[in-house]
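[1] let's see this in three dimensions:
(4 chains)
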2 protein chains.
Amino acid sequence: MKTIDLEDEPAETERRGGSERRGRKASKEVRRQQLIEATIDSLAKRGYSETTMADVADGAKLSRGIVNFHFESKEKLLVATLQYMYDEYSTHWRNAYDKAGDNTADRLKALVTADFDRAVCNKRKLAAWCAFWGEAKSRPTYQALSGARDTDYQNLLFDLCLGLKAEADYAFEPQALALTLSALLEGLWLRLMMGLEDVSRETALQAANEFLLTVFPRHYARGSSGIQRL
Amino acid sequence: MKTIDLEDEPAETERRGGSERRGRKASKEVRRQQLIEATIDSLAKRGYSETTMADVADGAKLSRGIVNFHFESKEKLLVATLQYMYDEYSTHWRNAYDKAGDNTADRLKALVTADFDRAVCNKRKLAAWCAFWGEAKSRPTYQALSGARDTDYQNLLFDLCLGLKAEADYAFEPQALALTLSALLEGLWLRLMMGLEDVSRETALQAANEFLLTVFPRHYARGSSGIQRL
DNA sequence: CCATATTGAATGAATGTTCAGCAAACTCTG
DNA sequence: CAGAGTTTGCTGAACATTCATTCAATATGG
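    Numbering: from 1, shown residues only, chains lettered A, B, ... in the order given. Presented below is the predicted three-dimensional model:
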């Protein structure tokens, strides 16, 4: 059995770069960011229940008391970490959408493609997401943030489905289809995270694209590499 | 905003019924089962990281030391709980499959329907599953069991997709479609678990059925109530 | 009474939080 | 520009709490 890819992004090493002071006395924001990254590392490596303040501090190569100095409690560190991932994911798909141009089919494809981009879809981040999912139901604070694909995203998917239906007169029910699509994306993430089977970012994206192709046959067609807009 | 259903199964109250002795000195197996149910309750109510031995014991209305007597450690209790849920889910879909008859389309529909049956798909169980998912990546012991839809299930889906393709000459790639289908089911579970939006067991099942209908138009058709085989 | 399931107080390990002190950078002053 | 003073980020040992585990004593059914 070969363990397949889904390679990590750089992570871990020297993230605090930029033009900021380093070593002792970095700026407040830089330290916070550094600790958030260390938290994601720990969540990915050890899971939620085994993520400790000591592990985060060690990961950031700082002292034990540091987290309570910059965040105030473990709880607040975790919320800040979740918020950070939420904002990052949100920004990511909005950018992809904005860059996609005016065509509805292109826009939908851009959203789907963005979901499997290395920047947001890698072992480390997926594992961290899943760690939060596992706690979300019992923690009101997490609930709003842990559904990365939030109301805005859901509404956008719905509008796009509606648009494509209007353009080519499909039979499907747009509301149900939007739900199906976002559930599929989340389900593929979950499988990537589990990382047992032979699913890679590429095969997941391919599966999602095949779905688009099947559901919107009048908008997409199989091309030499992946699907294309008609 | 109305909070929607996904009603719990009886749970919690008087599960230890049957013809077994109760009160002090129940049989070994009855106690174990009782503790496993209490564990699922706790996982669902408090999440993995806040599930304590004390909470489990209290939930089962037994003393603090009881878990270490019947299971040996917290770790082993959790593994036994996961194993129990795994077996239950596994048995459930195999039964549904066996009852479905010889027709391939019926069999696939039976599997999908089974996935949203109250017995396995309810707030309590879904929350417990998700609690384990969050820890699975960092715990080898959980990994094999926490993907409820295991290799057997995956292979069966693949065979069914292959069968339907052969019967009606569809264009899709069976391997990718089987992945898509199981990811969709898992993604719908995840959304049901999160329980924020207006998704109920019924709408989830409807979405999954719409998917079948779209992908296998030559096998299913929209009926007066849900989809039907052609 | 014997075997065994059950109890619950005691124990110790793990871990989040606090805080008095330290040291680096910045500022003021002569 | 040197040195004193001040601010502020940072440290790590001490503390308090939570929690899994142990086990001697107890209750129960046969």
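[2] so who does residue A:103 touch?
    Neighbour list for residue A:103: residue A:229 [criterion: CB atoms under 8 Å, 6 or more residues apart in numbering or on different chains]. Every residue, glycine included, has its C-beta placed from N, CA and C.
[3] and it, how far from residue A:160?
    Remark: distance between residue A:103 and residue A:160 (CB to CB, to the nearest Å) = 11 Å.
[4] from residue A:61, how far off is residue A:67?
    13 Å.
[5] for chain A, which spans come out with low pLDDT?
    Scanning chain A for pLDDT under 70 picks out A:1-26, A:224-226.
[6] give me the residue at the spatial middle of it.
    Chain A has residue A:120 as the residue nearest its centroid, 4.4 Å off, counting by CA atoms, centre = their mean.
[7] returning to what we had before: so between residue A:67 and residue A:61, which is more surrounded?
    For residue A:67 versus residue A:61, neighbours defined as other CB atoms under 10 Å in any protein chain shown are more numerous around residue A:67 (24 against 9).
[8] with just CA atoms, put the helix or strand containing the more buried one into CSV.
    For residue A:67, the element it lies in under DSSP states H and E is helix A:66-70. Provided in CSV are the C-alpha atoms of helix A:66-70 (Å, rounded to 0.1, in the frame of the first residue of the first chain):
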residue,chain,number,x,y,z
ILE,A,66,3.6,32.8,26.2
VAL,A,67,0.1,31.8,25.1
ASN,A,68,-1.6,33.3,28.1
PHE,A,69,0.3,36.4,27.5
HIS,A,70,-0.8,36.9,23.9
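[9] so how far is it from its chain's centroid?
    27 Å (CA atoms, centre = their mean, to the nearest Å).
[10] helices or strands up against the helix or strand just after that helix?
    Downstream of helix A:66-70, the first helix or strand assigned by DSSP H and E is helix A:74-99. Secondary-structure packing of helix A:74-99 (3 or more CB pairs under 8 Å, 6 or more residues apart in numbering or on different chains; DSSP states H and E): helix A:28-46, helix A:53-59, helix A:104-115, helix A:123-136, helix A:140-146, helix A:151-168.
[11] which stretch among those helices comes nearest residue B:146?
    helix A:123-136 (10.3 Å; CB to CB).
[12] that closest one near DNA strand C at all?
    No - using CB under 7 Å from any atom of the strand, helix A:123-136 never reaches DNA strand C; the gap is at least 13.4 Å.
[13] anything in that helix near chain B?
    Yes - for helix A:123-136, a contact with chain B is found by CB under 8 Å from any CB of the partner chain, at A:127, A:130, A:131, A:132, A:133, A:134, A:135, A:136.
[14] list the contacts for the first one?
    Residues in contact with residue A:127 (CB under 8 Å, 6+ apart) are A:43, A:44, A:45, A:193, B:137, B:138.
[15] give me the buried positions along stretch A:112-123.
    Within stretch A:112-123, the residues scored as buried using 16 or more other CB atoms under 10 Å in any protein chain shown are A:112, A:114, A:115, A:116, A:120, A:121, A:122, A:123.
[16] quote the end-to-end distance of it.
    Chord length of stretch A:112-123, first to last residue, is 18 Å (CA to CA, to the nearest Å).
[17] on that earlier part again, could you turn the buried ones of the residues of helix A:123-136 next to chain B into a PyMOL selection?
    In PyMOL, a selection of the buried entries from the residues of helix A:123-136 next to chain B looks like this (16+ other CB under 10 Å):
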select buried, chain A and resi 127+130+131+132+133+134+135+136
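[18] nearest to residue B:176 among the residues of helix A:123-136 next to chain B?
    residue A:130 (23.0 Å).
[19] so which of the helices and strands packed on helix A:74-99 gets nearest DNA strand D?
    helix A:28-46 (4.2 Å; CB to the nearest atom of the strand).
[20] hmm, that closest one in reach of DNA strand D?
    Yes - on the criterion CB under 7 Å from any atom of the strand, helix A:28-46 is in touch with DNA strand D at A:28, A:31.
[21] what's the angle between that helix and helix B:123-136?
    Put simply, helix A:28-46 runs at 100 degrees to helix B:123-136, going by axes from the mean of the first three to the mean of the last three CA atoms, to 10 degrees.
[22] tell me which residues of helix A:28-46 are tucked away?
    A:30-46.
[23] in chain A, which residue sits nearest DNA strand D?
    residue A:65 (1.9 Å).
[24] tell me the contacts of that residue?
    Contacts of residue A:65 by CB under 8 Å, 6+ apart are residue A:57.
[25] circling back to that earlier point, and the residue nearest to the centre of chain A, that's in a strand?
    No - according to DSSP: H, G, I helix; E, B strand; the rest coil, residue A:120 belongs to no strand; its state is coil.
[26] how close does it sit to chain B?
    Distance, residue A:120 to chain B, by CB to the nearest CB, to the nearest Å: 17 Å.
[27] how about residue A:143?
    Applying CB to the nearest CB to residue A:143 and chain B gives a distance of 6 Å.
[28] DNA strand C versus the nearest residue to that residue once chain neighbours are set aside, what's the distance?
    Of all residues not flanking residue A:143 in the chain, residue A:136 sits nearest, at 5.4 Å (CB to CB, 6 or more residues apart in numbering or on different chains). Per CB to the nearest atom of the strand, to the nearest Å, residue A:136 is found 19 Å from DNA strand C.
[29] tell me the contacts of residue A:136?
    Residue A:136 touches A:142, A:143, A:146, A:147, B:130, B:194, counting by CB under 8 Å, 6+ apart.
[30] now the closest residue to chain B within chain A. Nearest residue, chain neighbours left out?
    Checking chain A residue by residue against chain B with CB to the nearest CB singles out residue A:134 as nearest, at 2.0 Å. Once flanking residues are discounted, residue A:134 sits nearest to residue B:134: 2.0 Å by CB to CB, 6+ apart.
[31] sounds good, over and out.
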